[in-house]
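Trainee: this one's sequence-less:
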């Protein structure tokens with residue numbers, strides 16, 4: 001969560017501010033965040049992620 005630029009997609013002002021923040025972010029910071037997010041997103045196979053989500057509902 002610390003690497004993502006969090007936004008409520010229903011809040012137009014907040015979305016614009018988040019886009020502005022991301023566009024003004026230094027390239028090296030954007031790159032580092034992207035790499036960490038990509039690593040986190042591919043850490044588990046999709047099937048495992050889905051199974052974990054279903055198990056959490058129990």
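Mentor: Noted; the coordinates are in hand. On a predicted model such as this, the values are computed, not experimentally measured, just so you know.
Trainee: Tell me where the model's unsure across this structure.
Mentor: Judged by pLDDT under 70, the chain has no weakly predicted residues.
Trainee: Would you map the helices across it?
Mentor: 12-24, 27-41, 46-57 (DSSP state H).
Trainee: So which of those helices is nearest residue 4?
Mentor: helix 27-41 (6.3 Å; Cβ to Cβ). From N, CA and C alone the C-beta is placed, and that goes for glycine too.
Trainee: in the closest one, what's buried?
Mentor: residue 33 (16 or more other Cβ atoms under 10 Å).
Trainee: tell me the angle it makes with helix 46-57.
Mentor: 70 degrees (axes from the mean of the first three to the mean of the last three Cα atoms, to 10 degrees).
Trainee: Helix 27-41 to helix 12-24, inter-axis angle?
Mentor: Going by the same axes, to 10 degrees, helix 27-41 makes 110 degrees with helix 12-24.
Trainee: roughly how far out does helix 27-41 sit from the chain middle?
Mentor: 10 Å (Cα atoms, centre = their mean, to the nearest Å).
Trainee: Same check on stretch 39-57?
Mentor: Using Cα atoms, centre = their mean, the offset of stretch 39-57 from its chain centre is 15 Å.
Trainee: What I need now is the helices of the chain written out in JSON lines, including distance to residue 6 for each item.
Mentor: What follows is the helices of the chain, written out as JSON lines (distance: least, Cβ to Cβ, whole Å):
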{"stretch": "helix 12-24", "distance to residue 6": "7"}
{"stretch": "helix 27-41", "distance to residue 6": "12"}
{"stretch": "helix 46-57", "distance to residue 6": "20"}
